[in-house]
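Q: Show me how the following folds:
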Amino acid sequence: MAVKRFYRQVAGEGGEAGHGVTLDGRAVRTPAKAPLLLPTRALAEAIAAEWDAQEDEIRPQTMPMTQLASTAIDRVMPRRDAVIAEIASYAETDLLCYRADGPTGLAAREATQWQPVLDWATKAFDAPLAVTEGVMPVRQPPGAVAALRAAVADCDDFALAALYTLTMVSGSLVLALAVRDSEMEPETACEASHIDEEWQASEWGRDPAAESRRQRARAEILSAAAFLALLQG
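A: Numbers count the residues shown, from 1 in each chain. Now for the predicted structure:
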(Lines give C-alpha, C1' and ligand atoms only; values in the text may rest on other atoms or scores of the structure.)
Protein backbone atom coordinates (compact mmCIF):
# COMPACT_ATOMS: atom_id res chain seq x y z
CA MET A 1 0.00 0.00 0.00
CA ALA A 2 1.44 3.34 -1.06
CA VAL A 3 2.09 5.99 1.58
CA LYS A 4 0.99 9.49 0.68
CA ARG A 5 3.47 12.30 1.05
CA PHE A 6 2.89 13.71 4.53
CA TYR A 7 5.48 16.51 4.65
CA ARG A 8 6.11 19.81 2.92
CA GLN A 9 9.72 20.74 3.59
CA VAL A 10 12.86 18.60 3.37
CA ALA A 11 16.17 19.72 4.82
CA GLY A 12 19.59 18.33 5.58
CA GLU A 13 21.15 18.84 8.99
CA GLY A 14 24.63 18.25 10.37
CA GLY A 15 25.71 17.47 13.91
CA GLU A 16 28.42 15.84 15.98
CA ALA A 17 26.86 12.39 15.49
CA GLY A 18 26.60 12.72 11.71
CA HIS A 19 24.48 14.23 8.96
CA GLY A 20 20.73 13.74 8.84
CA VAL A 21 17.60 14.61 6.90
CA THR A 22 14.46 16.22 8.32
CA LEU A 23 10.88 16.28 7.07
CA ASP A 24 9.09 19.37 8.40
CA GLY A 25 11.71 19.50 11.12
CA ARG A 26 11.41 15.85 12.17
CA ALA A 27 14.42 13.59 11.65
CA VAL A 28 14.09 10.76 9.13
CA ARG A 29 14.52 7.30 10.62
CA THR A 30 15.22 3.92 9.07
CA PRO A 31 12.53 1.24 8.69
CA ALA A 32 13.81 -0.23 11.99
CA LYS A 33 13.30 3.21 13.60
CA ALA A 34 17.00 3.96 14.02
CA PRO A 35 18.20 7.53 13.39
CA LEU A 36 19.26 7.98 9.77
CA LEU A 37 22.71 9.39 10.55
CA LEU A 38 25.01 9.62 7.56
CA PRO A 39 28.78 9.93 7.31
CA THR A 40 28.95 12.68 4.68
CA ARG A 41 27.08 15.84 3.84
CA ALA A 42 26.99 14.82 0.18
CA LEU A 43 25.09 11.64 0.99
CA ALA A 44 22.66 13.52 3.25
CA GLU A 45 21.98 16.03 0.47
CA ALA A 46 21.37 13.24 -2.05
CA ILE A 47 18.93 11.51 0.30
CA ALA A 48 17.18 14.80 1.03
CA ALA A 49 16.79 15.28 -2.72
CA GLU A 50 15.18 11.83 -3.02
CA TRP A 51 12.61 12.70 -0.36
CA ASP A 52 11.97 16.10 -1.89
CA ALA A 53 11.38 14.52 -5.32
CA GLN A 54 8.47 12.40 -4.04
CA GLU A 55 5.16 13.71 -5.29
CA ASP A 56 1.72 12.61 -4.09
CA GLU A 57 2.95 9.20 -2.93
CA ILE A 58 6.25 8.01 -1.46
CA ARG A 59 7.78 5.38 -3.74
CA PRO A 60 10.76 3.68 -2.05
CA GLN A 61 11.89 2.12 -5.33
CA THR A 62 12.80 5.63 -6.52
CA MET A 63 14.98 6.26 -3.45
CA PRO A 64 18.05 4.02 -3.80
CA MET A 65 20.36 6.16 -1.66
CA THR A 66 17.84 6.10 1.19
CA GLN A 67 17.46 2.34 0.85
CA LEU A 68 21.20 1.67 0.87
CA ALA A 69 21.77 3.94 3.87
CA SER A 70 18.96 2.24 5.77
CA THR A 71 20.40 -1.16 4.87
CA ALA A 72 23.79 -0.09 6.24
CA ILE A 73 22.26 0.97 9.55
CA ASP A 74 19.58 -1.68 10.04
CA ARG A 75 21.19 -4.76 8.49
CA VAL A 76 24.94 -4.29 8.15
CA MET A 77 25.85 -2.66 11.46
CA PRO A 78 24.19 -5.34 13.67
CA ARG A 79 25.74 -8.25 11.74
CA ARG A 80 28.88 -6.82 10.19
CA ASP A 81 30.99 -9.99 10.47
CA ALA A 82 28.29 -12.11 8.79
CA VAL A 83 27.94 -9.61 5.93
CA ILE A 84 31.71 -9.57 5.40
CA ALA A 85 31.73 -13.38 5.32
CA GLU A 86 28.88 -13.52 2.80
CA ILE A 87 30.53 -11.04 0.45
CA ALA A 88 33.98 -12.61 0.82
CA SER A 89 32.59 -16.06 -0.01
CA TYR A 90 32.30 -14.90 -3.63
CA ALA A 91 36.10 -15.08 -3.86
CA GLU A 92 35.61 -18.86 -4.05
CA THR A 93 33.17 -18.75 -6.98
CA ASP A 94 33.84 -15.43 -8.70
CA LEU A 95 32.12 -15.04 -12.06
CA LEU A 96 35.33 -13.90 -13.74
CA CYS A 97 37.02 -17.23 -12.99
CA TYR A 98 34.51 -19.36 -14.93
CA ARG A 99 35.02 -19.02 -18.66
CA ALA A 100 32.91 -20.47 -21.43
CA ASP A 101 34.41 -23.47 -23.24
CA GLY A 102 32.76 -22.29 -26.45
CA PRO A 103 31.92 -20.78 -28.80
CA THR A 104 35.32 -19.25 -29.47
CA GLY A 105 33.99 -15.72 -29.84
CA LEU A 106 32.33 -15.76 -26.41
CA ALA A 107 35.40 -17.22 -24.73
CA ALA A 108 37.58 -14.55 -26.35
CA ARG A 109 35.25 -11.76 -25.23
CA GLU A 110 35.29 -13.03 -21.64
CA ALA A 111 39.07 -13.23 -21.62
CA THR A 112 39.40 -9.73 -23.05
CA GLN A 113 37.06 -8.10 -20.53
CA TRP A 114 37.64 -10.26 -17.46
CA GLN A 115 41.33 -11.11 -17.36
CA PRO A 116 42.55 -7.49 -16.95
CA VAL A 117 40.35 -7.12 -13.87
CA LEU A 118 41.71 -10.33 -12.38
CA ASP A 119 45.24 -9.11 -13.13
CA TRP A 120 44.45 -5.88 -11.32
CA ALA A 121 43.20 -7.80 -8.27
CA THR A 122 46.40 -9.85 -8.27
CA LYS A 123 48.48 -6.68 -8.10
CA ALA A 124 46.21 -4.61 -5.86
CA PHE A 125 45.49 -7.25 -3.21
CA ASP A 126 48.08 -9.96 -3.85
CA ALA A 127 45.12 -12.18 -4.70
CA PRO A 128 45.78 -14.34 -7.79
CA LEU A 129 42.67 -16.36 -8.60
CA ALA A 130 42.58 -19.55 -10.66
CA VAL A 131 40.60 -19.57 -13.91
CA THR A 132 38.78 -22.55 -15.40
CA GLU A 133 36.50 -23.40 -18.31
CA GLY A 134 32.96 -24.62 -17.78
CA VAL A 135 31.09 -24.80 -14.50
CA MET A 136 33.04 -27.39 -12.51
CA PRO A 137 34.32 -25.79 -9.29
CA VAL A 138 37.93 -24.71 -9.10
CA ARG A 139 39.68 -24.41 -5.73
CA GLN A 140 41.06 -20.96 -5.14
CA PRO A 141 44.37 -20.30 -3.35
CA PRO A 142 43.62 -19.78 0.38
CA GLY A 143 45.97 -16.80 0.47
CA ALA A 144 44.08 -15.07 -2.34
CA VAL A 145 40.73 -15.72 -0.65
CA ALA A 146 42.07 -14.33 2.64
CA ALA A 147 43.45 -11.25 0.88
CA LEU A 148 40.12 -10.50 -0.78
CA ARG A 149 38.32 -10.98 2.52
CA ALA A 150 40.67 -8.41 4.08
CA ALA A 151 39.81 -6.00 1.25
CA VAL A 152 36.12 -6.45 2.06
CA ALA A 153 36.66 -5.99 5.79
CA ASP A 154 38.44 -2.70 5.05
CA CYS A 155 35.04 -1.14 4.23
CA ASP A 156 33.05 0.82 6.78
CA ASP A 157 29.43 -0.20 7.28
CA PHE A 158 28.05 2.13 4.61
CA ALA A 159 30.58 1.10 1.97
CA LEU A 160 29.93 -2.51 2.93
CA ALA A 161 26.24 -2.12 2.10
CA ALA A 162 27.13 -0.87 -1.38
CA LEU A 163 29.78 -3.55 -1.88
CA TYR A 164 27.22 -6.19 -0.94
CA THR A 165 24.88 -4.97 -3.67
CA LEU A 166 27.66 -4.77 -6.25
CA THR A 167 28.84 -8.30 -5.47
CA MET A 168 25.45 -9.99 -5.32
CA VAL A 169 24.13 -8.33 -8.47
CA SER A 170 27.26 -8.81 -10.59
CA GLY A 171 28.19 -12.23 -9.21
CA SER A 172 31.77 -11.04 -8.87
CA LEU A 173 33.64 -9.77 -5.83
CA VAL A 174 36.50 -8.70 -8.08
CA LEU A 175 34.22 -6.51 -10.19
CA ALA A 176 32.69 -5.05 -7.03
CA LEU A 177 36.10 -4.15 -5.61
CA ALA A 178 37.17 -2.68 -8.96
CA VAL A 179 34.15 -0.36 -8.89
CA ARG A 180 34.75 0.49 -5.23
CA ASP A 181 38.37 1.43 -5.91
CA SER A 182 37.55 3.38 -9.11
CA GLU A 183 39.49 0.88 -11.20
CA MET A 184 36.43 0.25 -13.37
CA GLU A 185 33.55 2.45 -14.45
CA PRO A 186 30.16 1.20 -13.20
CA GLU A 187 28.79 0.93 -16.74
CA THR A 188 31.77 -1.21 -17.74
CA ALA A 189 31.15 -3.45 -14.74
CA CYS A 190 27.53 -3.84 -15.85
CA GLU A 191 28.67 -4.93 -19.29
CA ALA A 192 31.29 -7.30 -17.89
CA SER A 193 28.79 -9.03 -15.62
CA HIS A 194 26.40 -9.75 -18.50
CA ILE A 195 28.72 -10.90 -21.28
CA ASP A 196 27.10 -14.33 -21.54
CA GLU A 197 23.56 -12.92 -21.64
CA GLU A 198 24.49 -10.34 -24.26
CA TRP A 199 26.10 -13.03 -26.39
CA GLN A 200 22.98 -15.17 -26.21
CA ALA A 201 20.81 -12.17 -27.06
CA SER A 202 22.95 -11.36 -30.12
CA GLU A 203 22.68 -14.95 -31.30
CA TRP A 204 19.04 -15.76 -30.53
CA GLY A 205 17.30 -12.42 -30.00
CA ARG A 206 16.35 -10.52 -26.88
CA ASP A 207 13.97 -11.98 -24.33
CA PRO A 208 11.85 -9.28 -22.66
CA ALA A 209 12.05 -10.90 -19.22
CA ALA A 210 15.82 -11.31 -19.41
CA GLU A 211 16.19 -7.74 -20.67
CA SER A 212 14.14 -6.46 -17.75
CA ARG A 213 16.38 -8.36 -15.31
CA ARG A 214 19.48 -6.87 -16.91
CA GLN A 215 18.08 -3.36 -16.64
CA ARG A 216 17.26 -3.86 -12.96
CA ALA A 217 20.74 -5.19 -12.33
CA ARG A 218 22.25 -2.21 -14.15
CA ALA A 219 20.21 0.23 -12.05
CA GLU A 220 21.34 -1.45 -8.82
CA ILE A 221 25.01 -1.41 -9.84
CA LEU A 222 24.89 2.24 -10.86
CA SER A 223 23.09 3.21 -7.63
CA ALA A 224 25.61 1.35 -5.47
CA ALA A 225 28.48 3.04 -7.30
CA ALA A 226 26.87 6.46 -6.85
CA PHE A 227 26.42 5.70 -3.16
CA LEU A 228 30.14 4.92 -2.82
CA ALA A 229 31.00 8.18 -4.54
CA LEU A 230 28.81 10.11 -2.11
CA LEU A 231 30.60 8.45 0.81
CA GLN A 232 33.77 10.12 -0.44
CA GLY A 233 32.11 13.48 -0.07
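
Q: When you work out contacts or count neighbours from here on, use the C-alpha atoms and nothing else.
A: Fine.

Q: quick one: E13 and L23 touch, right?
A: No - between E13 and L23 there is no contact under C-alpha atoms under 8 Å: 10.8 Å.

Q: And the pLDDT for V83?
A: Per-residue pLDDT puts V83 at 98.

Q: ok now do it, which residues does it touch?
A: Shown in contact with V83 (C-alpha atoms under 8 Å, 6 or more residues apart in numbering): 76, 160, 164.

Q: could you measure the second one against R180, distance?
A: Noted for L160: a distance of 10 Å to R180, by C-alpha to C-alpha, to the nearest Å.

Q: The last one now?
A: Distance from Y164 to R180, counting by C-alpha to C-alpha: 11 Å.

Q: State the number of residues packed around I47.
A: Per other C-alpha atoms under 10 Å, the neighbour tally for I47 reads 24.

Q: oh sorry, the question was meant for A49
A: A49: 17 neighbours (other C-alpha under 10 Å).

Q: Leaving out sequence neighbours, find the closest residue to the most centrally placed residue in the chain.
A: For the chain, the residue nearest the mean C-alpha position is L166 (2.4 Å; C-alpha atoms, centre = their mean). The shortest distance from L166 to any non-neighbouring residue, by C-alpha to C-alpha, 6 or more residues apart in numbering, is to A176 (5.1 Å).

Q: can you pull out the helices in this protein?
A: In the chain, the helices defined using DSSP state H lie at 41-53, 64-71, 80-88, 104-125, 142-153, 157-170, 173-180, 186-193, 195-204, 208-231.

Q: Tally up the residues packed near the residue lying closest to V10 once chain neighbours are set aside, please.
A: Excluding its sequence neighbours, the residue lying closest to V10 (C-alpha to C-alpha, 6+ apart) is L23, at 4.8 Å. Using other C-alpha under 10 Å, L23 has 17 other residues around it.
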